[in-house]
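[1] what would the 3D arrangement of this be:
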Amino acid sequence: MTHAPPERVAVTISALLRLAWPIIVSRSTQVVVGLADAVMVAHLGEGALAAATTGAMNTTLVFMLPLGSVFIVSSFASQYFGSGDIAGARRYAFYGLAISGLAQVLCLALIPLLPAGLSLFAYSPEVREGVEVYLRIRLLSGVFAVGMEALANYYAGLGNTRLPMVASVVAMVLNILGNWLLIDGHLGLPALGVAGAAWASAVSTAVAFLGLLAFFFVEGAARGVMVPRLHGHEFLRTLRFGLPSGFNWFFEFLAYNFFVNVVVAGLGTTALAGLMAVMQLNTVAFMPAFAMASAGAIVVGQAIGASARDEVPHAVRLTFGLTGGWQVLVGVVFLVVPEWVFGPFVSGEPSGALLATGVRMLRVSVAWQLFDAAATTLAEALRAAGDTAYTLWARLALAWLIFVPGAWISVRHFGAGELVAMLWLVVYIGGLALALYLRFRGGAWRRFNLVDG
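    Here you go, the predicted model:
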């Protein structure tokens with residue numbers, strides 16, 4: 001059957017921004033959720049702040065392999081859309097949902113291992129207990145988090161970025177409301193502290209996902225294809241390209257978790273709480289930039305599907321202009337008024353040690369903003385083309401041969417502090433940006449085509 005090619009997104013700044021702004025809102029809701037969790041437990045002390053933020057980070061690590069894997073759904077959907085086969089694109093949404101089911105099995109298997117796993121790290125007893133409680137709750141919601149990402153990537157590949165945005169906003173509002181109800185206890189509910197933040201995140205994600213899933217099935221019924229005929233070889237193809245993308249994100253987060261849980265945690269609770277707050281603040285720079293890079297990746301995928309590969313370099317340049325401009329702007333704010341930016345995280349703290357540490361760390365983070373924009377833009381463009389294995393190996397080599405050993409040796413063997421440790425993050429992100437630029441410039445991505453079997 002021949003399909004009339006649908007209208008794809010034009011390669012212009014205005015078209016990119018129209019596609020990107022709902023993704024920016026969606027990703028920004030994740031920033032708000034992370035910041036709200038941190039700020040709303042901060043008055044309970046730096047131990048609670050460290051537990052909630054570290055628990056959230058470790059939850060992300062567990063979710064990251066399946067989450068990164070379902071990012072490939074957008075690549076398949078955009079290329080099928082660009083070639084005119086929308087029914088083919090819909091099948092890959094189901095393959096993404098299948099991955100979310102497998103993710104929940106993994107999460108449930110990990111829960112009994114938490115006490116032994118967390119005992120390996122140098123947390124204070126208060127922080128260790130809080131992290132374990134947080135993880136036990138959040139790991140119950142893996143299927144919802146990954147499933148929502150799978151459907152969001154499916155709709156984004158079609159150019160419909162507004163529907164996932166609505167689901168993300170709903171999740172954000174419910175999460176903040178849940179925090180208010182459960183952290184300190186309001187309207188007769190118990191004050192659960194860190195556990196309340198975890199329950200708020202888990203329940204809000206579940207409600208938003210189920211709403212998006214209901215729309216997905218209603219839409220399918222209206223088209224007469226509620227559940228299309230699925231093919232085992234296509235699911236394996238999804239895994240073939242998706243797993244490198246998932247491991248790409250997983251091993252980077254694993255390196256970062258090692259950095260936090262082993263290198264920085266050994267410097268004390270103040271350093272750990274300061275770093276986690278700074279990284280929450282850096283999501284303000286990263287998430288909107290990642291959203292713009294994702295919009296650029298949709299344009300790249302649709303262009304490849306329409307056999308217009310010569311448009312891809314222009315799309316990448318335009319995307320980098322947007323991501324780089326945003327991250328540099330945020331970096332300037334971090335540099336000029338760091339005390340004002342970090343201030344909400346020291347609510348209720350009697351000492352200025354956390355503020356002083358956080359301000360120093362925040363200023364160091366300015367150094368990686370432009371590198372981060374370049375790496376994100378290029379990684380998303382390569383993922384859209386299906387060139388996921390190279391990015392995986394580049395991250396693995398740079399993270400585990402340079403970043404992790406460099407930070408470990410500097411802190412543990414030479415007695416360096418948190419600022420030197422953070423400089424290794426700058427080295428890692430800068431090296432990754434260079435490696436991905438050389439790969440894209442070499443043109444290997446032109447040989448990939450996800451639509452062809």
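[2] so where is the stretch 251-400 of the chain shaky, pLDDT-wise?
    In the predicted model, the stretch 251-400 of the chain carries pLDDT under 70 at residues 347-351.
[3] quick one: the helices in it, in order.
    In the stretch 251-400 of the chain, the helices defined using DSSP state H, counting those that start in this stretch lie at 269-305, 312-336, 338-342, 353-365, 369-385, 388-398.
[4] and residue 247, which of those is closest to it?
    For these, proximity to residue 247 was assessed by C-beta to C-beta; helix 388-398 is nearest, at 5.4 Å. (C-beta placed from N, C-alpha, C; glycine too.)
[5] what pLDDT, on average, does the helix or strand following the closest one get?
    Of the helices and strands lying after helix 388-398 in sequence (DSSP states H and E), the nearest is helix 404-408. Regarding helix 404-408, the rounded mean pLDDT is 91.
[6] so how far is helix 404-408 off the chain centroid?
    In terms of C-alpha atoms, centre = their mean, to the nearest Å, the centre of helix 404-408 is found 23 Å from the chain centre.
[7] pull out the buried residues from it.
    Neighbour counts over helix 404-408 (16 or more other C-beta atoms under 10 Å) mark 404, 406-408 as buried.
[8] quick check, residue 152 in contact with residue 167.
    Yes: here residue 152 lies in contact with residue 167, judged by C-beta atoms under 8 Å, at a distance of 7.2 Å.
[9] what is in contact with the two at once?
    Common neighbours of residue 152 and residue 167 (criterion: C-beta atoms under 8 Å, 6 or more residues apart in numbering): 26, 212.
[10] of those two, who's got more company?
    Taking neighbours as other C-beta atoms under 10 Å, residue 152 and residue 167 compare with residue 152 leading, 28 against 24.
[11] contact partners for the more buried one?
    So residue 152 contacts 26, 164, 167-168, 212 (C-beta under 8 Å, 6+ apart).
[12] helix or strand for it, which one?
    helix 142-157.
[13] what's the angle between that helix and helix 269-305?
    Calculated by axes from the mean of the first three to the mean of the last three C-alpha atoms, to 10 degrees, helix 142-157 forms an angle of 40 degrees with helix 269-305.
[14] who touches the helix or strand just after helix 142-157?
    Next helix or strand after helix 142-157 toward the C-terminus (DSSP H and E): helix 162-182. By C-beta under 8 Å, 6+ apart, the residues outside helix 162-182 that reach it are 22-23, 25-27, 29-30, 32-33, 36-37, 40, 148, 151-152, 155-156, 186-187, 189-192, 195-197, 199-201, 203-205, 207-209, 211-212, 215.
[15] show me what counts as buried in stretch 20-31.
    Buried residues in stretch 20-31 (16+ other C-beta under 10 Å): 20-31.
[16] JSON lines for those residues, including secondary structure?
    As requested, these are arranged in JSON lines below (DSSP: H, G, I helix; E, B strand; the rest coil):
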{"residue": "20", "secondary structure": "helix"}
{"residue": "21", "secondary structure": "helix"}
{"residue": "22", "secondary structure": "helix"}
{"residue": "23", "secondary structure": "helix"}
{"residue": "24", "secondary structure": "helix"}
{"residue": "25", "secondary structure": "helix"}
{"residue": "26", "secondary structure": "helix"}
{"residue": "27", "secondary structure": "helix"}
{"residue": "28", "secondary structure": "helix"}
{"residue": "29", "secondary structure": "helix"}
{"residue": "30", "secondary structure": "helix"}
{"residue": "31", "secondary structure": "helix"}
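[17] out of those residues, who's nearest residue 106?
    Nearest to residue 106 among the buried residues of stretch 20-31 is residue 30, at 21.3 Å by C-beta to C-beta.
[18] do I have it right that the closest one meets residue 287?
    Yes: contact criterion C-beta under 8 Å: residue 30 and residue 287 qualify, at 5.8 Å.
[19] what's the overlap in contacts for these two?
    With C-beta under 8 Å, 6+ apart, residue 30 and residue 287 have no common neighbours.
[20] neighbours around residue 245, how many?
    Neighbours around residue 245, by other C-beta under 10 Å: 25.
[21] which helix or strand contains it?
    Using DSSP H and E, residue 245 sits within helix 232-258.
[22] Three-state assignment for residue 187, please.
    Per three-state DSSP, residue 187 ends up coil.
[23] need the contact list for it.
    For residue 187, counting by C-beta under 8 Å, 6+ apart, the contacting residues are residue 181.
[24] from residue 217, how far out is it?
    33 Å (C-beta to C-beta, to the nearest Å).
[25] over to residue 423?
    Distance from residue 423 to residue 217, by C-beta to C-beta: 50 Å.
[26] do the same with residue 325
    Applying C-beta to C-beta, the value for residue 325 to residue 217 is 40 Å.
[27] kindly report the same for residue 362.
    From residue 362 to residue 217 the distance is 45 Å (C-beta to C-beta).
[28] mind checking how far residue 280 is from residue 207?
    Relative to residue 207, and taking C-beta to C-beta, residue 280 is found at 23 Å.
[29] who has more neighbours out of the two?
    residue 280 (21 against 17).
[30] how about the contacts made by that one?
    Residue 280 neighbours (C-beta under 8 Å, 6+ apart): 34-35, 38, 53, 345.
[31] test my guess that residue 103 contacts residue 64.
    No: Residue 103 is beyond contact range of residue 64, at 10.2 Å (criterion: C-beta under 8 Å).
[32] between the two, point out the one with more neighbours.
    Taking neighbours as other C-beta under 10 Å, residue 103 and residue 64 compare with residue 103 leading, 26 against 21.
[33] with adjacent residues omitted, what lies nearest to that one?
    Spatial nearest neighbour of residue 103, excluding adjacent residues (C-beta to C-beta, 6 or more residues apart in numbering): residue 66 at 3.6 Å.
[34] what does residue 296 give?
    Closest to residue 296 by C-beta to C-beta, 6+ apart is residue 319, at 3.1 Å.
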